[in-house]
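The following comprises the amino acid sequence and a computationally predicted model.
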Amino acid sequence: MRPSRLLLFLLPLALAACKRPEPPAAEPVRLVRTSIAQPQQVGAELRLPGELRPRVEVVHAFRIGGKIAQRLVSVGDRVDAGQPLARLDSSDTAPALAGAQAALSAARTDARLAQGELNRQQELHGRGYLSQAGLERFLAGRDSAQARVEAAQAQLRQAQNAVSYELLRASAAGVVAAVDAEAGQVVAAGQPVLRIARAGEIEARVDVPERDLATARGAARWQVRVPAAGDLVLNARVRELSPVADPASRTYPMRLELQGDTSGLALGMSAVAASVREGEGRVFVLPVSALHTLDGQPRVWLVDPASSTVRQVPVTTAGLDGDTVHIVDGLAPGDRVVVAGANLLVAGQKVRLPAARAAQ
């Protein structure tokens, strides 16, 4: 082979050997779903679905009947104590008030005339021109006129109260939970118009089936899980268990008082109440999808909130319960655990959370 041809053959190989190897491609930022690890009490004997309800829901109604002229609030509005809620048409109460004022004026006029006549008759009685019996008749007339003044004053106060009752006000601060009457509707005295859920007092309402009534009564403690609040779990105690079954559903309404921070909860959220036996251990309950195995050791991915990167930690499990796994060691309360997308991650990889979870 000629030297020139050999040189042309070796030149590409030499250039290829001088090229630096390309760095490995950076791992993409993965979208993952996470859950905050919170210890839970295991050993649930009974699980019942329910919803979050206000502890006190006050039905607001007008104290007089009439036509609703204006509704000033809507469902979901927050109201303060004394805030106007609705107003009645004043066409019914205004004539009654005017009539009571006129009746009081007439009664006072009659009382003044009766007092003047009594004064004259007392003067005649002093001169001996009027008997004692005649004087007593004028005294009775004066007293009767004064009584009519007092009756007219009472009727006026009643008419003024009726005018003040035209405006429906909130009895306490809270949230408008329901509207039962609209503007233009004629309502009777005491007919529900609005329902106000008192602020800051949330509890769980569950319905206990007949077959589970004995178990519910004998439960030592309860826990309530709220899926919409990041699977938040709160301890609870029974505030009320009705002794009478609902005639339609044949279940027994039960109210559970939530213990802990309920500021992030909203009325109407779904909840799951679980009775708890005493003496059971506290574990972390996570979806099975959060778990993966490396070298025969169960592990989970944790998200570092500062750097938005993941790292895997070994954990000790205590068995499965349906689609969840019980973890007894390796996690701490407040750890953010990846529960979806774990099979695509590598150590140190950056991740991002859905917008709703990232704000938590």
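Done, it's in. Numbering: from 1, shown residues only.

now the helices for the stretch 201-350 of the chain?
Taking DSSP state H, counting those that start in this stretch as the criterion, the stretch 201-350 of the chain carries its helices at 213-218.

Walking through it, point out its strands one by one.
Using DSSP state E, counting those that start in this stretch, the strands found in the stretch 201-350 of the chain span residues 202-209, 221-226, 232-241, 251-259, 270-276, 282-287, 292-294, 297-304, 309-314, 316-321, 324-329, 336-340.

which of these has the lowest average pLDDT?
Ranked by mean pLDDT, the strands of the stretch 201-350 of the chain end with strand 316-321 at the bottom, a mean of 75.

so which of the strands of the stretch 201-350 of the chain comes closest to residue 132?
For residue 132, the closest of those is strand 232-241, at 70.7 Å, according to CB to CB. From N, CA and C alone the C-beta is placed, and that goes for glycine too.

thinking again about what came up before, need the strands of the stretch 201-350 of the chain in JSON lines (columns: distance to residue 185 and mean neighbour count).
Formatted as JSON lines, these follow (distance: least, CB to CB, whole Å; neighbours: other CB atoms under 10 Å):
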{"stretch": "strand 202-209", "distance to residue 185": "29", "mean neighbour count": "21"}
{"stretch": "strand 221-226", "distance to residue 185": "36", "mean neighbour count": "21"}
{"stretch": "strand 232-241", "distance to residue 185": "33", "mean neighbour count": "17"}
{"stretch": "strand 251-259", "distance to residue 185": "30", "mean neighbour count": "19"}
{"stretch": "strand 270-276", "distance to residue 185": "33", "mean neighbour count": "20"}
{"stretch": "strand 282-287", "distance to residue 185": "50", "mean neighbour count": "20"}
{"stretch": "strand 292-294", "distance to residue 185": "61", "mean neighbour count": "11"}
{"stretch": "strand 297-304", "distance to residue 185": "54", "mean neighbour count": "19"}
{"stretch": "strand 309-314", "distance to residue 185": "59", "mean neighbour count": "16"}
{"stretch": "strand 316-321", "distance to residue 185": "52", "mean neighbour count": "13"}
{"stretch": "strand 324-329", "distance to residue 185": "50", "mean neighbour count": "17"}
{"stretch": "strand 336-340", "distance to residue 185": "50", "mean neighbour count": "20"}
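
any idea how far residue 168 lies from residue 312?
Using CB to CB, to the nearest Å, residue 168 is found at 60 Å from residue 312.

would a markdown table of the strands of the stretch 201-350 of the chain with distance to residue 104 be doable?
What follows is those, written out as a markdown table (distance: least, CB to CB, whole Å):
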| stretch | distance to residue 104 |
| --- | --- |
| strand 202-209 | 50 |
| strand 221-226 | 59 |
| strand 232-241 | 50 |
| strand 251-259 | 51 |
| strand 270-276 | 58 |
| strand 282-287 | 73 |
| strand 292-294 | 86 |
| strand 297-304 | 76 |
| strand 309-314 | 82 |
| strand 316-321 | 76 |
| strand 324-329 | 75 |
| strand 336-340 | 73 |
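
between those strands, which gets nearest to residue 215?
Nearest to residue 215, of all these, is strand 270-276, at 6.7 Å by CB to CB.

what are the C-alpha coordinates of that closest one, in PDB please?
What follows is strand 270-276, C-alpha atoms only, in PDB (Å, rounded to 0.1, in the frame of the first residue of the first chain):
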ATOM      1  CA  SER A 270     -65.500  13.700  52.200                       C
ATOM      2  CA  ALA A 271     -64.100  11.900  55.200                       C
ATOM      3  CA  VAL A 272     -63.500   8.300  56.400                       C
ATOM      4  CA  ALA A 273     -63.900   7.600  60.100                       C
ATOM      5  CA  ALA A 274     -62.200   4.600  61.600                       C
ATOM      6  CA  SER A 275     -62.600   3.200  65.100                       C
ATOM      7  CA  VAL A 276     -59.300   2.300  66.800                       C
END
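
Which one, of the strands of the stretch 201-350 of the chain, ends up nearest to residue 75?
strand 202-209 (17.0 Å).

And the closest one, what does it pack against?
Applying 3 or more CB pairs under 8 Å, 6 or more residues apart in numbering; DSSP states H and E, we find strand 202-209 packed against strand 44-54, strand 232-241, strand 251-259, strand 270-276.

most centrally placed residue in this structure?
Taking CA atoms, centre = their mean as the criterion, residue 267 is the residue nearest the geometric centre of the chain, at 3.4 Å.

That residue: what's it in contact with?
Counting by CB atoms under 8 Å, 6 or more residues apart in numbering, residue 267 makes contact with 52, 53, 54, 175, 177, 197, 202.

and what of residue 156?
For residue 156, the contacting residues are 97, 100, 101, 103, 104, by CB under 8 Å, 6+ apart.
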